[in-house]
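Peer 1: missing the sequence, but the structure's below:
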């Protein structure tokens, strides 16, 4: 369905702006009026990462007058495979600052506002209130629900995108005109069931495909042209090279959103069972090294996936992916006469596996808090991070 333009047009375009945006101006559906609306628009991009990178660059190139960036992270070398707004010289720099520098190179007429802080329930409403439109490029469920609920409370539209390996999704949520994110995903998945991009990976160029669609939707909303993805979910399969859309409808029985909540608790990083299992059964990477140096006889298990194990592994670790613990297949591979020591990349997956192991009767089992990343940081910094 077509919607009214989100933003009123600016008073004028300068001669330089007319020259810069001329290819937009000669499109009848955009024209001077549409470009003036883009100039007057205030758009907040949540996350300057995989999706935020192409989104910010194309929003800037399109002439969006004010771009807000909220990101508290710093640029890491592993980001550069897909986060094209950052470069080699930006490693260690706050992502928001790096993104601003790239935007200024693309379009000096854009006003960039930085929010170098973590988005949470205490600041979301205040930050969002200064913008017409939100683009959500985050990769965790807690922030997605937070963005949705804040947008609903403020009656603001937002463009949502998601990527994982070779698959992407895009939709537009605007509670006034259609469903919101909770109508698509009423409840978050159980903790540990859906791997993040850091755990499962993502094809770098997928970010460009999905990020550009998100910007396309933002331009349509701002200028009031076309048929936005309100009430529709677009799904992209990069391997099969297919695009398809499915309808998303409002849930008439859904509880109304009346306030922001504790989204970390709502989504959970690990299950309550895993938290209980880890209490008193967590060792550090240094304690693991000390056990090795003392020659203790234990069984070290890496619960990551095979491709992660091939990137980097702790010496002596046997690979048994977490999924095998959840199905019970792993237990036949565990010795009965040795202590079981589990680890993953950061500690979340190994805690989930630990709960299953303890339930299976391996009462002395422990896991390594911080996982491989902690081992690299405290024991062997020469190993590659990912």
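Peer 2: That came in fine, so what should we check first? Because the structure is predicted, anything quoted here is derived from the model rather than measured. Residues are numbered from 1 along each chain as shown.
Peer 1: how does this protein divide into domains?
Peer 2: 15-267, 272-378 (automatic domain parsing).
Peer 1: output the ones you listed in TSV; the columns should cover mean pLDDT.
Peer 2: Output for the domains of the chain, formatted as TSV (pLDDT from 0 to 100):
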stretch	mean pLDDT
domain 15-267	95
domain 272-378	95
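Peer 1: same list (the ones you listed) but as CSV, adding mean neighbour count and distance to residue 2.
Peer 2: All C-beta spots, glycine's among them, are computed from the backbone N, C-alpha and C. Below are the domains of the chain laid out as CSV (neighbours: other C-beta atoms under 10 Å; distance: least, C-beta to C-beta, whole Å):
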stretch, mean neighbour count, distance to residue 2
domain 15-267, 19, 6
domain 272-378, 18, 44
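Peer 1: those: which one's closest to residue 385?
Peer 2: Residue 385 lies closest to domain 272-378 among these, at 5.9 Å (C-beta to C-beta).
Peer 1: quick one, strands of the stretch 201-350 of the chain?
Peer 2: Taking DSSP state E, counting those that start in this stretch to define them, one finds strands in the stretch 201-350 of the chain at 232-237, 242-247, 282-283, 298-302, 318-319, 339-343.
Peer 1: can you redo those strands as a markdown table with distance to residue 373?
Peer 2: A markdown table is the format used below for the strands of the stretch 201-350 of the chain (distance: least, C-beta to C-beta, whole Å):
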| stretch | distance to residue 373 |
| --- | --- |
| strand 232-237 | 31 |
| strand 242-247 | 36 |
| strand 282-283 | 15 |
| strand 298-302 | 13 |
| strand 318-319 | 17 |
| strand 339-343 | 10 |
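Peer 1: circling back to that earlier point, make CSV from the domains of the chain and add distance to residue 8 to it.
Peer 2: Converted to CSV, these look like this (distance: least, C-beta to C-beta, whole Å):
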stretch, distance to residue 8
domain 15-267, 6
domain 272-378, 46
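Peer 1: any idea how far residue 330 is from residue 200?
Peer 2: As judged by C-beta to C-beta, to the nearest Å, residue 330 and residue 200 stand 20 Å apart.
Peer 1: got it, and residue 328?
Peer 2: 22 Å.
Peer 1: just residue 349 next, same as before
Peer 2: 11 Å.
Peer 1: enumerate every residue touching the nearest residue to residue 375 once chain neighbours are set aside.
Peer 2: With C-beta to C-beta, 6 or more residues apart in numbering as the criterion, residue 375 has its nearest non-adjacent residue at 4.3 Å, and that residue is residue 285. Residue 285 makes contact with 368-371, 374-375, 377-379 under the criterion C-beta atoms under 8 Å, 6 or more residues apart in numbering.
Peer 1: so of these, which ones are in strands?
Peer 2: residue 368 (DSSP state E).
Peer 1: which one of the contacts of residue 285 is nearest residue 182?
Peer 2: Nearest to residue 182 out of the contacts of residue 285 is residue 371 (C-beta to C-beta; 32.1 Å).
Peer 1: surely that closest one touches residue 343?
Peer 2: Yes. Residue 371 is within contact range of residue 343, at 4.9 Å (criterion: C-beta atoms under 8 Å).
Peer 1: tell me, what's touching these two both at once?
Peer 2: What both residue 371 and residue 343 touch, as defined by C-beta under 8 Å, 6+ apart, is the set residue 350.
Peer 1: what's the nearest residue to residue 130 if we skip its chain neighbours?
Peer 2: Of all residues not flanking residue 130 in the chain, residue 42 sits nearest, at 6.6 Å (C-beta to C-beta, 6+ apart).
Peer 1: bridge partners for that neighbour, pull those for me.
Peer 2: residue 66 (DSSP bridges).
Peer 1: wait, it touches residue 134, no?
Peer 2: No. Judged on C-beta under 8 Å, residue 42 makes no contact with residue 134 at a distance of 10.3 Å.
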